[in-house]
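Visitor: A structural model of the following input is requested.
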Amino acid sequence: MSMIVLTFNVRGLGGRQNKNKIRELVRDNKVDFLAIQETKMEVITPNFCKNLWGNYDCDWVFKPSEDNSGRILSIWRKSTSIFHYSFVGEGFIGVSLEGECLKRNV
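Guide: Numbers count the residues shown, from 1 in each chain. Predicted structure coming up:
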């Protein structure tokens, strides 16, 4: 079983249209891991992530930025992934997960 990963440069998550499109893509494609670039949001709340993902089966990490660009959000399916750690650098977030597809291939 493989993990389905979606990356998306939204150029702003403030609008309803972008949020609805992401939720639809996650649902229709059964996405396991979602990386969103350029959220332009200063704060991400648990309710926002759960609403964006479409249900409560998610966990996430968020990287704000000091300037007007960068803000990155990564969300993943909690029921099929074990979170180990995350790390951030200039312009990126790294996430270490152990998922069902990874466990079977070991």
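Visitor: Can I get stretch 51-66 in PDB, CA atoms only?
Guide: Provided in PDB are the C-alpha atoms of stretch 51-66 (Å, rounded to 0.1, in the frame of the first residue of the first chain):
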ATOM      1  CA  ASN A  51     -12.100  21.600   9.000                       C
ATOM      2  CA  LEU A  52      -9.600  21.800   6.100                       C
ATOM      3  CA  TRP A  53      -8.800  18.100   6.300                       C
ATOM      4  CA  GLY A  54     -12.500  17.200   6.400                       C
ATOM      5  CA  ASN A  55     -12.500  15.300   9.700                       C
ATOM      6  CA  TYR A  56     -10.800  14.800  13.000                       C
ATOM      7  CA  ASP A  57      -8.400  12.100  11.800                       C
ATOM      8  CA  CYS A  58      -5.500  14.400  11.300                       C
ATOM      9  CA  ASP A  59      -2.400  15.900  12.900                       C
ATOM     10  CA  TRP A  60      -0.300  18.800  11.600                       C
ATOM     11  CA  VAL A  61       2.700  21.000  11.900                       C
ATOM     12  CA  PHE A  62       2.900  24.700  10.900                       C
ATOM     13  CA  LYS A  63       5.800  27.000  10.100                       C
ATOM     14  CA  PRO A  64       5.000  30.700  10.300                       C
ATOM     15  CA  SER A  65       7.400  33.100   8.700                       C
ATOM     16  CA  GLU A  66       9.000  36.400   9.700                       C
END
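Visitor: buried stuff in it?
Guide: Under the neighbour-count criterion of 16 or more other C-beta atoms under 10 Å, stretch 51-66 has 52, 53, 58, 59, 60, 61, 62, 63 buried. For the C-beta atoms, the positions are set from N, CA and C on the backbone; glycine is no exception.
Visitor: The second one and residue 23 touch, don't they?
Guide: To tie it back to what came earlier, the one meant is residue 53. Yes - taking contacts as C-beta atoms under 8 Å, residue 53 lies within contact range of residue 23: 7.3 Å.
Visitor: hang on, the earlier thing: now go through the buried residues of stretch 51-66 and say which are in strands.
Guide: Cross-referencing the buried residues of stretch 51-66 against strands under DSSP state E gives 58, 59, 60, 61, 62, 63.
Visitor: Having no further points to raise, I will conclude here.
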